[in-house]
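Novice: Just the structure for this:
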Amino acid sequence: SAGGLTPSDVPLAGLTQRQLDALPLPARELEDLYPLTPMQQGMLFHALYEPGGDAYINQMRVDVDGLDVARFHAAWQGAVDAHDSLRAGFLWDGLEQPLQAIRRKVAVPLRLEDWRGEAEQAARLDGLAAAERQAGFDLAAPPLLRLAVVRTGGERHHVILTSHHILLDGWSSSQLLGEVLQRYAGVVPAADGGRFRDHV
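Specialist: So this is what the prediction gives:
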């Protein structure tokens with residue numbers, strides 16, 4: 001339960017103490033709790049009523065030469081650590097309105113494969129990308145993004161980023177990618193001070 005949280009800790013959630021205590025996650029894991037934007041509500045509704053559909057699964061694929069995988073993963077982790085909205089899971093069971101629960105800490109999943117010298121690489125990469133899309137996401141379990149990185153040659157990697165549209169639209173995806181590349185280059189972006197909850 002979220003014991004230890006009081007309604008005044010998460011005022012935007014509009015929950016009673018009893019509802020807070022009934023939440024399926026411990027208070028120590030929870031940073032904030034607030035409503036969804038209207039667009040997120042629509043996507044959540046569709047995702048719940050069409051389980052298994054991948055209409056809201058976004059995917060980006062790119063070949064990269066000379067990728068330092070550990071540094072790349074750390075850059076993604078740094079971005080997720082910095083942005084509360086990227087640590088959101090969505091709760092709806094037993095609630096009058098769905099809420100996004102921001103976790104204090106969320107690890108970015110990384111699947112790493114080495115397919116150097118393998119035959120039919122392109123077809124296998126397409127198959128892996130399709131499997132990543134079809135796996136979908138449990139909307140209650142952040143993060144709603146994950147990485148698959150396949151080493152395809154000496155210095156070449158194929159990167160597959162899969163995410164749920166409820167988390168990122170096209171504009172914010174490109175902003176996030178820019179930040180990740182900055183972090184990868186060793187530049188930590190200045191905090192803009194803005195938080196998604198202020199937008200909500």
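
Novice: Please verify my assumption that R116 contacts G153.
Specialist: Yes - counting by C-beta atoms under 8 Å, G153 is a contact partner of R116 at 6.1 Å. For the C-beta atoms, the positions are set from N, CA and C on the backbone; glycine is no exception.

Novice: if I look at Q97, how far off is T37?
Specialist: According to C-beta to C-beta, to the nearest Å, Q97 and T37 sit 12 Å apart.

Novice: the more surrounded of the two?
Specialist: T37 (14 against 11; other C-beta atoms under 10 Å).

Novice: the helices in this structure, which residues?
Specialist: 17-21, 38-49, 69-82, 121-135, 170-184, 196-199 (DSSP state H).

Novice: Any buried residues in the fourth one, and which?
Specialist: Neighbour-count burial for helix 121-135, with 16 or more other C-beta atoms under 10 Å as criterion, is recorded at R124, L125, L128, A129, E132.

Novice: Let me have those in a markdown table, extended by pLDDT and distance to L30.
Specialist: Output for those, formatted as a markdown table (pLDDT from 0 to 100; distance: C-beta to C-beta, whole Å):
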| residue | pLDDT | distance to L30 |
| --- | --- | --- |
| R124 | 97 | 40 |
| L125 | 98 | 38 |
| L128 | 98 | 34 |
| A129 | 98 | 33 |
| E132 | 96 | 28 |
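
Novice: just those now: which is nearest V10?
Specialist: Proximity of the buried residues of helix 121-135 to V10 (C-beta to C-beta) peaks at E132, which lies at 32.9 Å.

Novice: Now do the contacts for the closest one.
Specialist: Contacts for E132 (C-beta atoms under 8 Å, 6 or more residues apart in numbering) come out as Q59, R146, A148, I160, T162.

Novice: now A148
Specialist: L110, R111, L112, E113, L128, A129, E132, V159, I160, T162.

Novice: From P11, how far off is it?
Specialist: Distance from A148 to P11, by C-beta to C-beta: 39 Å.

Novice: Tell me which of the helices of the chain sits most buried.
Specialist: helix 69-82 (a mean of 17; mean count of other C-beta atoms under 10 Å).

Novice: the inter-axis angle of that helix versus helix 170-184?
Specialist: On the basis of axes from the mean of the first three to the mean of the last three C-alpha atoms, to 10 degrees, helix 69-82 is oriented at 120 degrees to helix 170-184.

Novice: one step back: of the buried residues of helix 121-135, closest to D21?
Specialist: For these, the nearest to D21 is E132 (36.4 Å; C-beta to C-beta).

Novice: For stretch 35-42, what is the distance to the chain centroid?
Specialist: Relative to its chain's centre, stretch 35-42 lies at 16 Å (C-alpha atoms, centre = their mean, to the nearest Å).

Novice: Name the spans of this protein whose pLDDT lies under the cut-off.
Specialist: Within the chain, the stretches with pLDDT under 70 are 1-3, 192-200.

Novice: let's see 80
Specialist: For the chain, residues meeting the criterion pLDDT under 80 lie at 1-5, 27, 50-54, 170-171, 190-200.
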